[in-house]
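Participant: Build me a structure from this.
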Amino acid sequence: MHPSVSLLAFAAAAGIIILFSQLSAGCKFNIQDGVATRFFIEPNALVIFCLNNVTAQHVTTTHVIAQAHVHKGNVTVSLDRELQDGRYANGSNVGVVSSLKDGDDLTRWFLVSYVSDSNDKHVTFMAKTYGDSDPVPGGCNLELPLKNDPNIYLSNIGSHLSAIEFAYGDSSAEWKCGSALSKNSVQYDVYQFFMHERDLSAEHFHSVLGEILDPRYVTSNALYVKSLSSDDVTRLKFPAYSGIGTVFIVIMTVTHDNVITRASYVPTVTYFCVDLEKGCSGEDELQIKIVVSVLALVGLFICFCGHRFFKTEMFFFGVLTAMLAAYILLERFSWWDFSTNLYISIGAGVAGGVIWWAVWVFFGVPPISVALVTLLLGYVLASIVFNASPLGVSSWLHFSAYFHSVLFSAVLIPCIIGLCLTREMNVLSCAIIGSFFVVLAADICLHGAFKYILLNTIWRSSTPSFVEAFCLLPFQLSDIVLYMIWAVVAISGTICHYFLEKNRPPFPPCPWTTFLRSRREAPSRSESESCGNADDDDEHRPLLFNAGRRRDSQAANRVWREQPVEQLGQPAGESLRAWWLLPHDSATPSAVPVVSTAGTPPPPYEEEEQPSGRAV
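Facilitator: Sure, this is the predicted structure:
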């Protein structure tokens with residue numbers, strides 16, 4: 001027989017054997033090693049997934065990790081047809097580890113989907129084989145249900161915080177858990193990946209899972225959080241960003257004899273939503289939108305002309321500061337719900353605004369009044385540094401004393417600068433904070449991540465354990481656009497302030513001092529007005545005419561002193577010919593008294609009482 005014919009006959013026989021084994025095993029879906037595939041599965045129906053040729057990828061295949069993911073609902077993956085304790089996992093993102101024996105070439109898993117008819121019925125399923133030198137995620141589990149548990153467990157802590165937890169892994173199938181060689185060579189790299197904001201569709205969910213199950217895609221596209229060793233606690237906390245799909249990934253890396261091997265835990269996905277059907281809209285969303293809209297309108301006014309209307313600015317920043325302080329204290333120490341805390345914070349904000357307005361009205365000291373404004377500016381800038389930089393995942397900020405010390409120091413920096421550049425810092429604060437609330441209102445409507453710049457810092461103070469969270473923000477297209485709009489509006493507000501305040505005093509006068517001065521000047525003004533009414537001629541007399549009379553009178557007095565009457569030897573009336581040049585009403589030379597005034601200065605000129613031709 002020809003060799004090619006015999007080879008074809010052998011292949012055909014092998015295919016028949018594999019097909020017979022699959023039929024006998026009841027396999028409905030055949031999968032490929034390491035390939036994520038999406039399947040349509042009817043709810044509550046038992047289906048079997050099979051992986052053939054498990055020894056094709058490795059010389060010695062020791063274990064296989066199978067995982068299933070559904071968009072809404074739960075799914076159960078089991079190693080047996082009948083559920084047995086420690087051999088199945090249930091959830092939205094679950095996986096199991098199948099340990100192989102010598103000669104095993106076919107592996108199967110039993111899956112049941114518990115998805116309602118109104119939800120997406122697709123399941124993303126993947127199985128990955130590993131050799132004897134590869135790590136076993138969750139292989140050293142002592143607490144969680146499965147013996148080898150590769151799952152990442154997600155739990156919610158309150159409404160603002162979540163935590164992930166996973167079991168320690170085994171460095172390889174050859175080494176025992178807990179050995180020094182196994183512990184020193186293991187590293188757990190934690191990553192966080194954000195889906196598109198407000199895209200809650202099942203299509204986007206499955207497309208992201210198809211990519212994120214590849215460790216190479218994770219290391220190049222996901223956000224690195226932290227690396228853990230076998231001595232660290234495998235429990236990390238993260239902020240809960242409602243409506244933003246978040247994927248948590250843990251990659252286990254083992255280094256031995258300069259050989260690096262990796263294995264990935266089963267990723268977990270969450271939207272931090274109570275109900276995806278409602279689009280993650282909370283019960284308090286309407287109240288938040290109303291409050292933020294009011295703050296945005298006032299903030300727009302403050303951004304462009306806050307310094308010009310200084311008393312309005314003082315009231316606005318007093319409201320903001322009092323609301324912020326009241327909300328933090330109520331969230332931390334009270335047992336009321338969010339709505340009650342919000343209403344009380346608004347009332348406290350109005351009271352704080354009135355108090356700070358009164359501080360300016362009655363004292364009128366610009367550095368003191370602007371100090372509150374610059375403190376709030378420092379709080380916003382510090383929030384940007386803590387949440388939009390690597391400091392957000394810094395472990396040394398996970399202690400409350402360290403964090404609040406750094407926060408207090410950062411808040412004081414603009415305040416100290418404001419002591420030297422009071423007007424400039426006040427204008428800059430109006431532009432930055434006013435524009436921030438304008439962009440914040442847009443972000444609330446778009447359901448982006450811009451608002452978490454401020455909320456993460458507030459939650460670090462109001463939620464006791466939130467300070468331990470790793471705060472990373474997604475910088476997607478919508479977020480970048482909002483940041484650019486914030487910068488443009490802030491710069492525009494600063495330029496507008498420059499033209500409005502050009503050639504004007506740095507600050508308005510103290511209102512209370514101005515009021516007291518006007519009260520003191522009111523009686524004198526009334527008396528002057530009454531005297532002016534008594535003599536209307538002086539009010540209508542030409543100013544140049546009065547000035548001419550004063551100048552001629554002074555010249556005549558000087559002539560009178562220099563030439564006494566006794567030395568002229570002429571009649572008195574003849575000797576005073578110069579007085580005829582003076583303007584007068586009815587005075588004659590004979591009426592002028594002849595008195596020697598040599599060496600005696602004339603009295604001051606009195607315009608209203610001294611008649612023309614008077615000699616002293």
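Participant: In what element of secondary structure is the residue positioned nearest the centre of the chain found?
Facilitator: What sits nearest the mean C-alpha location of the chain, by CA atoms, centre = their mean, is residue 453, with 1.9 Å. Per DSSP states H and E, residue 453 falls inside helix 452-462.
Participant: Could you list every helix and strand in contact with that helix?
Facilitator: Contacts of helix 452-462 with other secondary structure elements, assessed using 3 or more CB pairs under 8 Å, 6 or more residues apart in numbering; DSSP states H and E, are made with strand 235-239, helix 310-333, helix 366-387, helix 400-420. All C-beta atoms are positioned from the backbone trio N, CA, C, and that covers glycine.
Participant: Return the set of buried residues in whichever helix or strand comes after the longest one.
Facilitator: Proceeding N to C from helix 310-333, the next assigned helix or strand is helix 338-362, under DSSP H and E. By 16 or more other CB atoms under 10 Å, the buried positions in helix 338-362 come out as 338, 341-342, 344-346, 348-349, 352-353, 356-361.
Participant: Relative to residue 372, which of those is nearest.
Facilitator: Closest to residue 372 out of the buried residues of helix 338-362 is residue 356 (6.2 Å), distances taken as CB to CB.
Participant: That closest one is in contact with residue 318, isn't it?
Facilitator: Yes - A contact is recorded between residue 356 and residue 318 when judged using CB atoms under 8 Å, the distance being 3.0 Å.
Participant: Identify the contacts common to those two.
Facilitator: residue 372 (CB atoms under 8 Å, 6 or more residues apart in numbering).
Participant: Not counting sequence-adjacent ones, nearest residue to residue 309?
Facilitator: For residue 309, ignoring the flanking residues on the chain, the nearest one in space by CB to CB, 6 or more residues apart in numbering is residue 301 at 7.8 Å.
Participant: Got the confidence number for residue 340?
Facilitator: We have a pLDDT of 93 for residue 340.
Participant: how far away is it from residue 294?
Facilitator: From residue 340 over to residue 294 the distance is 19 Å, taken as CB to CB, to the nearest Å.
Participant: now swap in residue 455 and tell me
Facilitator: 18 Å.
Participant: Looking at these two now, which is surrounded by more residues?
Facilitator: A side-by-side neighbour count of residue 455 and residue 294, using other CB atoms under 10 Å, places residue 455 first with 18 against 13.
Participant: what's near enough to touch the more buried one?
Facilitator: Applying CB under 8 Å, 6+ apart to residue 455 gives the contacts residue 160.
Participant: 10 Å instead?
Facilitator: Shown here is residue 455, whose contacts under the criterion CB atoms under 10 Å, 6 or more residues apart in numbering are 160, 239, 241, 383, 387, 449, 462, 471.
Participant: which one is the first one nearest to, not counting chain neighbours?
Facilitator: Put plainly, it is residue 160. In space, and not counting its chain neighbours, residue 160 is closest to residue 459: 4.8 Å by CB to CB, 6+ apart.
Participant: Do I have it right that the residue nearest to the centre of the chain meets residue 474?
Facilitator: No - Residue 453 sits out of contact with residue 474 when judged by CB atoms under 10 Å, with a separation of 11.8 Å.
Participant: Would you confirm that residue 86 contacts residue 145?
Facilitator: Yes - proximity of residue 86 to residue 145 meets the contact threshold set by CB under 10 Å, at 6.2 Å.
Participant: if we can go back for a sec, run a quick neighbour tally on the residue nearest to residue 160.
Facilitator: 22.
Participant: Can you tell me, leaving aside adjacent residues, what's nearest to residue 250?
Facilitator: Going by CB to CB, 6+ apart, residue 250 has residue 265 as its nearest residue, at 4.2 Å.
Participant: Distance-wise, check the one you found relative to residue 271.
Facilitator: Here residue 265 is placed at a distance of 20 Å from residue 271 (CB to CB).
Participant: neighbour-wise, which of those two wins?
Facilitator: Here residue 265 and residue 271 are compared on neighbour count by other CB under 10 Å; more neighbours surround residue 265, at 25 against 20.
Participant: got a pLDDT number for the more buried one?
Facilitator: Reading off the confidence values, residue 265 has pLDDT 96.
Participant: That one contacts residue 148, doesn't it?
Facilitator: No - applying CB under 10 Å as the test, residue 265 and residue 148 come out as separate, 11.4 Å apart.
Participant: so what sits against both of the two?
Facilitator: 65, 137-138, 167, 169.
Participant: between those, which has the most around it?
Facilitator: When neighbours are counted by other CB under 10 Å, residue 137 leads these with 31 neighbours.
Participant: what about it, distance to residue 211?
Facilitator: Counting by CB to CB, the gap between residue 137 and residue 211 amounts to 19 Å.
Participant: what do you get for residue 66?
Facilitator: With distances taken as CB to CB, residue 66 is found 19 Å from residue 211.
Participant: So between these two, which is more surrounded?
Facilitator: More neighbours surround residue 66 than the other of residue 66 and residue 211, with 25 against 12 (other CB under 10 Å).
Participant: Assumed the more buried one was part of a strand.
Facilitator: Yes - looking at residue 66 with DSSP: H, G, I helix; E, B strand; the rest coil, it is inside a strand.
Participant: my read: it touches residue 107, true?
Facilitator: Yes - proximity of residue 66 to residue 107 meets the contact threshold set by CB under 10 Å, at 7.8 Å.
Participant: so where's this protein uncertain?
Facilitator: Counting by pLDDT under 70, the chain contains low-confidence residues at 1-26, 56-59, 103, 173-176, 178-183, 522-616.
Participant: Now do whichever strand or helix holds residue 435 against helix 310-333, angle only.
Facilitator: With secondary structure defined by DSSP H and E, residue 435 is part of helix 422-446. Helix 422-446 and helix 310-333 are oriented at 60 degrees to each other (axes from the mean of the first three to the mean of the last three CA atoms, to 10 degrees).
Participant: what is residue 110 paired to in the beta sheet?
Facilitator: For residue 110, the beta-bridge partners under DSSP bridges are residue 48, residue 78.
Participant: Isn't it up against residue 82?
Facilitator: Yes - judged on CB under 10 Å, residue 110 makes contact with residue 82 at a distance of 8.8 Å.
Participant: So which of the two has more stuff around it?
Facilitator: Regarding residue 110 and residue 82, a neighbour count based on other CB under 10 Å identifies residue 110 as having more, with 18 against 8.
Participant: And the helix or strand hosting residue 219, how far out from the chain middle?
Facilitator: If you go by DSSP H and E, residue 219 is part of helix 215-221. Centroid displacement of helix 215-221 relative to its chain, using CA atoms, centre = their mean, to the nearest Å, is 28 Å.
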